[in-house]
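>>> got a sequence here, can you model it:
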Amino acid sequence: MTRPTLSRSVALFRAFTKEQSDPDFFYGMLARDSVEQLGRYVDLAGKVVLDIGGGPGYFADAFRAAGATYVGIDPDVGELSARGEPAEGMVMASGARLPVRSGSVDVCYSSNVLEHVSRPWEMAAEMVRATRPGGTVFVSYTPWLSPWGGHETSPWHYLGGALARRRYQRRHGKEPKNRYGESLFSVSVASGLRWARRCREATLIEGFPRYHPWWAKPVTRLPGVREIVSWNLALVLRRH
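Below you'll find the model as predicted:
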């Protein structure tokens, strides 16, 4: 497969502007890109994929198109039914307590979920547990200090998550979808890399800024700077 290019990055960042207005376009594009990205580390054809935070089925469509057997888990009934009836193969459950046997899936995948979990590394450890020896774990998340760290409350999250949440309430007359301290939490690039390097059950294959072109990968080696410019961190691990 070709390496991630600058034009691909630009297309993805433009798609972010349509997340609220045209979710089919945004999530469909993100799901297809994610499957292609994961395909650089593992041949998905014939593999059993467990997707944590699979939502309404965009990723189910993309993974099945790549030949994988797909099972998705999401704890939010609203997310599961965002496109109507929950997609085939979706299960309502918590990512912190996966209802699967240890070592039962070939690939355990999660896209933009960890920042919504109060104990993110417990969920990451559960993903490793569920993956068979030799299998692949792919987890990505938005660091708190990235420009999109506050999600729809950005960039005011730089002044504090609680302040950004109150500002959103005043401006829009309602709570944000991603509520700081309840469904949105502060997680860093440093903590993710530290967890992955210390994981005894898996080896870190690569940590990189998920949406950036290939030549931007070294930014993850720059403490402080990486928290802002990475935008989204992806961690790829191989289960022992």
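>>> V107 and R132 touch, don't they?
No - look at V107 against R132 with C-beta atoms under 8 Å: they stay out of range, at 9.4 Å. (C-beta placed from N, C-alpha, C; glycine too.)
>>> those two: which is more packed in?
More crowded of V107 and R132, by other C-beta atoms under 10 Å: V107, with 25 against 16.
>>> residues touching that one, list them.
The contact partners of V107, taken as C-beta atoms under 8 Å, 6 or more residues apart in numbering, are 38, 42, 44, 47-50, 68, 131, 135-138.
>>> direction included, what does the one helix or strand it maps to pair up with?
V107 is part of strand 105-111, with elements assigned from DSSP states H and E. Strand pairing for strand 105-111, using DSSP bridges, gives strand 48-52 (parallel), strand 131-141 (parallel).
>>> pick the most buried one from those strands.
Of all the strands paired with strand 105-111, strand 48-52 carries the top mean neighbour count, a mean of 25, counting by mean count of other C-beta atoms under 10 Å.
>>> if you average pLDDT over that strand, what comes out?
Looking at strand 48-52 alone, the average pLDDT works out to 95.
>>> likewise stretch 152-160?
The predicted confidence, averaged over stretch 152-160, sits at 97.
>>> can you list the buried residues in that stretch?
T153, W156, H157 (16 or more other C-beta atoms under 10 Å).
>>> first to last residue in it, what's the distance?
Counting by C-alpha to C-alpha, to the nearest Å, the length from the leading to the trailing residue of stretch 152-160 is 14 Å.
>>> let me see the residues that make contact with that stretch.
For stretch 152-160, the external contacting residues (C-beta under 8 Å, 6+ apart) are 20, 144-145, 147-150, 161, 163-165, 167-168, 176-178, 180.
>>> what subset of those is buried?
Burial by neighbour count, judged by 16+ other C-beta under 10 Å, picks out 144-145, 148-150, 161, 164-165, 167-168, 176, 178, 180 from the contacts of stretch 152-160.
>>> any idea which of those residues is closest to R200?
W144 (26.4 Å; C-beta to C-beta).
>>> quick one: residues contacting that closest one.
For W144, the residues meeting the contact criterion (C-beta under 8 Å, 6+ apart) are E115, G150, H157, G161, F185, S186, V187, S188, E227.
>>> check V128 too.
Contact partners of V128, counting by C-beta under 8 Å, 6+ apart, are C108, V137, C199, E201, A202, L237, R239.
>>> mean confidence score for whatever helix or strand it lives in?
Secondary structure assignment for V128, by DSSP H and E: helix 120-130. The pLDDT scores in helix 120-130 average 97.
>>> packing partners for the longest helix seen in the chain?
With DSSP state H setting the assignment, residue counts place helix 23-38 as the longest helix in the chain. Contact analysis of helix 23-38 by 3 or more C-beta pairs under 8 Å, 6 or more residues apart in numbering; DSSP states H and E lists helix 6-16, helix 58-65, strand 105-111 as its packing neighbours.
>>> G28: which of the ones you listed is closest?
Taking C-beta to C-beta as the criterion, G28 comes closest to helix 58-65 out of the helices and strands packed on helix 23-38, the separation being 5.4 Å.
>>> in that closest one, what's buried?
So helix 58-65, judged by 16+ other C-beta under 10 Å, has buried residues Y58, F59, A60, A62, F63, R64.
>>> quick check: the first one touching S34?
Spelled out, that is Y58. No - with the criterion set as C-beta under 8 Å, Y58 and S34 do not qualify as a contacting pair; they are 9.4 Å apart.
>>> could you give the angle of the strand holding V107 to helix 58-65?
Using axes from the mean of the first three to the mean of the last three C-alpha atoms, to 10 degrees, the inter-axis angle of strand 105-111 relative to helix 58-65 is 140 degrees.
>>> can you pull the contacts of the residue of the chain most remote from its centre?
Largest separation from the mean C-alpha position in the chain: R170, at 29.2 Å (C-alpha atoms, centre = their mean). Contacts for R170 (C-beta under 8 Å, 6+ apart) come out as none.
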